[in-house]
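A.B. asks: coordinates only, sequence not included:
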């Protein structure tokens, strides 16, 4: 049955907004909007994929001999750290991309639509996680060609990727806050990489923590990147799993509690 508008309704009355669909569906639409652009700029896949491949090459042929005596031995230690580094760098990409969308007015247009206010943020995170999966696939494939081996079980890749997703999602809220606060993509790039890269290297991703000074070991042990690297290392090449995974999940919870309210407040207030 067709509903007839009241006769005395003003002619310029705004049309009723359509019912909102679920946040997940809306976020998926935003994520698809980000990903579909790849067919117009396929170099994005190269940009995201070439960096981990270059790091694997450098670590295998430049650092392996000095760090572990053989390429295989060092890749067994360093590849989990490279996966973590890719995860951290993708969150920096999230901050830069979101800042670009905001400064170009895309988010103002999205906010005029009958969708959840958080859908653009979650959609951006989801799209960049797909790019992270592409990066990890290339990283692992090239590492295997250069002698890296999964010495546990291949099914461990599934919980590993789930843990990486949880960590990426949690850290992305800090990156989004930086993207909202920075005045330009250049500024957010300097801020993001200025924080994210030290976060990676002040961990045991590439160097055994015991070789560091005592005061630095204390910092490394509480670094969430160390916890994730140890978790992935245990899942793929053997070692403790339960303790580092538990610590990683606790760190993720702390990141969410600390940054989600701040990010949403900044998003609603300033944008």
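C.D. replies: Here it is on my side, so go on. Quick caveat: nothing in here was measured; it's all calculated off a predicted structure. Numbers count the residues shown, from 1 in each chain.
A.B. asks: so what's the residue nearest to residue 91 when sequence neighbours are not counted scoring on pLDDT?
C.D. replies: Spatial nearest neighbour of residue 91, excluding adjacent residues (Cβ to Cβ, 6 or more residues apart in numbering): residue 175 at 4.2 Å. Quick note: C-beta positions are derived from backbone N, CA and C, even for glycine. Note for residue 175: predicted pLDDT of 87.
A.B. asks: run through the residues that contact residue 175.
C.D. replies: Listed by Cβ atoms under 8 Å, 6 or more residues apart in numbering, the contact set of residue 175 reads 91, 92, 94, 95, 98, 192, 196.
A.B. asks: lowest-pLDDT helix or strand in the protein?
C.D. replies: Ranking every helix and strand in the chain by mean pLDDT, DSSP states H and E puts helix 106-111 at the bottom, with a mean of 68.
A.B. asks: tell me the helix or strand right after that helix.
C.D. replies: Next helix or strand after helix 106-111 toward the C-terminus (DSSP states H and E): helix 119-145.
A.B. asks: now for that next one, which elements pack on it?
C.D. replies: helix 23-36, helix 43-58, helix 71-103, helix 106-111, helix 157-181 (3 or more Cβ pairs under 8 Å, 6 or more residues apart in numbering; DSSP states H and E).
A.B. asks: and the angle for the third one with helix 43-58?
C.D. replies: Comparing the axes of helix 71-103 and helix 43-58 via axes from the mean of the first three to the mean of the last three Cα atoms, to 10 degrees yields an angle of 150 degrees.
A.B. asks: give the buried residues for helix 71-103.
C.D. replies: Burial within helix 71-103, assessed by neighbour count using 16 or more other Cβ atoms under 10 Å, is assigned to 71, 74-99, 101-102.
A.B. asks: for the closest residue to residue 97 other than its chain neighbours, what are its contacts?
C.D. replies: Leaving aside its sequence neighbours, residue 97 sits nearest to residue 124 (Cβ to Cβ, 6+ apart; 6.5 Å). The neighbourhood of residue 124, defined by Cβ under 8 Å, 6+ apart, consists of 30, 31, 34, 94, 97, 98, 101, 176.
A.B. asks: swap in residue 90?
C.D. replies: Residue 90 touches 48, 128, 129, 131, 132, 135, 168, counting by Cβ under 8 Å, 6+ apart.
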